[in-house]
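K.L.:
Quick one, what's the 3D model for this:
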Amino acid sequence: MAALKTVLQVVFLLDALALIGLVLLQMSEHASMGGAFGSGMASTVFGRDVAKDPKKLATGILGGAFLGLGLLLVVL
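P.N.:
Numbers count the residues shown, from 1 in each chain. Just a heads-up that it's a prediction; the model follows:
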């Protein structure tokens, strides 16, 4: 049981680091002054299109895995 918990903790850490990196990459694209007001944005009223920006889908998957692993580690 201890080995499984250790493996899950390592996967949790790697997922957290990947999620941090992906969010920082997304923020840097729209960090300029024009991005603050929507200039040149490739988004709609309801958010970015996943087909045009697959990073949004990857962020959702990594976030879901982060929450799931966190809950699993608390139970163990």
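K.L.:
what's the residue nearest to residue 26 when sequence neighbours are not counted in contact with, if anything?
P.N.:
Excluding the flanking residues, the one nearest residue 26 by Cβ to Cβ, 6 or more residues apart in numbering is residue 55, at 5.6 Å. In this view, the C-beta of every residue, glycine as well, is placed from N, C-alpha and C. Contact partners of residue 55, counting by Cβ atoms under 8 Å, 6 or more residues apart in numbering, are 22, 25-26.
K.L.:
List the ones among those residues that fall in helices.
P.N.:
Under the assignment DSSP state H, the contacts of residue 55 contribute 22, 25-26 to helices.
K.L.:
and the residue nearest to residue 26, what element?
P.N.:
In the assignment (DSSP states H and E), residue 55 maps to helix 54-75.
K.L.:
Pull out the buried positions in that helix.
P.N.:
56, 59, 62, 65, 69 (16 or more other Cβ atoms under 10 Å).
K.L.:
Dump these to a markdown table, plus distance to residue 5 and pLDDT.
P.N.:
Formatted as a markdown table, these follow (distance: Cβ to Cβ, whole Å; pLDDT from 0 to 100):
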| residue | distance to residue 5 | pLDDT |
| --- | --- | --- |
| 56 | 31 | 85 |
| 59 | 26 | 91 |
| 62 | 21 | 95 |
| 65 | 17 | 96 |
| 69 | 11 | 96 |
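K.L.:
and of these, the nearest to residue 18?
P.N.:
residue 62 (5.7 Å; Cβ to Cβ).
K.L.:
what is the mean pLDDT for stretch 22-38?
P.N.:
Mean per-residue pLDDT for stretch 22-38: 66.
K.L.:
If anything else comes up later, I'll come back, but that's it for now.
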